[in-house]
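Novice: here is my input, please return the structure:
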Amino acid sequence: MADSDQTSETNPLAGDPGERADKVRACIAEALAIELDEVSLGSNLMEELGADSLSYLDIVFRLEQEFDIQITRGEMERAARGDMSEDDFAPGGVISEAGLARLRELMPESAERIGPGLRPAEILSLFTTRTFLNMVEGKLRGESA
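Specialist: Modelled structure (predicted):
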């Protein structure tokens, strides 16, 4: 279990936020077999760091181990949709304006890349190191996704 988890039962985020960010960066660097200094919070995992869909599985596994949390694919998809149905989120396989607004809210670090014509399968291409840090911190706060 991560040190920040043990710091306070009432506030699992009481530890150093920089330390959590460094741990997330390290998990990503290890999964992608790259140097830690190549991974910044703003790094886009696919475009800048060369991640692919299998890399995401490895990153999630490492984050789960490091922070003693669980991140399921279903949770990631539900987080993207929020309380919207699949049909409201992406009618005809293209994310609706409401869905795009939801993604911009969820992933402000990628807002400039979220635009008309985006398909659900392309959401992973928006992920940055900060996206994973936000997921980890949400999990440590007890949020489902």
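Novice: if we ignore the residues flanking it in sequence, what's nearest N44?
Specialist: Spatial nearest neighbour of N44, chain neighbours left out: T128 (5.4 Å); criterion: CB to CB, 6 or more residues apart in numbering. Any C-beta I mention is one placed from the backbone N, CA and C, and that applies to glycine too.
Novice: next, count neighbours for that neighbour.
Specialist: Number of residues near T128 (other CB atoms under 10 Å) recorded here: 24.
Novice: next secondary structure element downstream of the helix or strand of the chain with the lowest mean pLDDT?
Specialist: Lowest by mean pLDDT, DSSP states H and E among the helices and strands of the chain is helix 3-7, with a mean of 41. Downstream of helix 3-7, the next assigned helix or strand under DSSP states H and E is helix 17-32.
Novice: dump that next one to PDB, keeping only the CA atoms.
Specialist: Written as PDB, here are the backbone C-alpha positions of helix 17-32 (Å, rounded to 0.1, in the frame of the first residue of the first chain):
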ATOM      1  CA  PRO A  17       0.900  15.300  -4.100                       C
ATOM      2  CA  GLY A  18       4.300  15.600  -5.800                       C
ATOM      3  CA  GLU A  19       5.200  12.100  -4.600                       C
ATOM      4  CA  ARG A  20       2.000  10.700  -6.000                       C
ATOM      5  CA  ALA A  21       2.700  12.400  -9.400                       C
ATOM      6  CA  ASP A  22       6.200  11.000  -9.300                       C
ATOM      7  CA  LYS A  23       4.900   7.500  -8.700                       C
ATOM      8  CA  VAL A  24       2.500   7.700 -11.500                       C
ATOM      9  CA  ARG A  25       5.200   9.000 -13.800                       C
ATOM     10  CA  ALA A  26       7.500   6.100 -12.700                       C
ATOM     11  CA  CYS A  27       4.700   3.500 -13.400                       C
ATOM     12  CA  ILE A  28       4.300   4.900 -16.900                       C
ATOM     13  CA  ALA A  29       8.000   5.000 -17.600                       C
ATOM     14  CA  GLU A  30       8.500   1.400 -16.400                       C
ATOM     15  CA  ALA A  31       5.500   0.200 -18.500                       C
ATOM     16  CA  LEU A  32       6.800   2.000 -21.600                       C
END
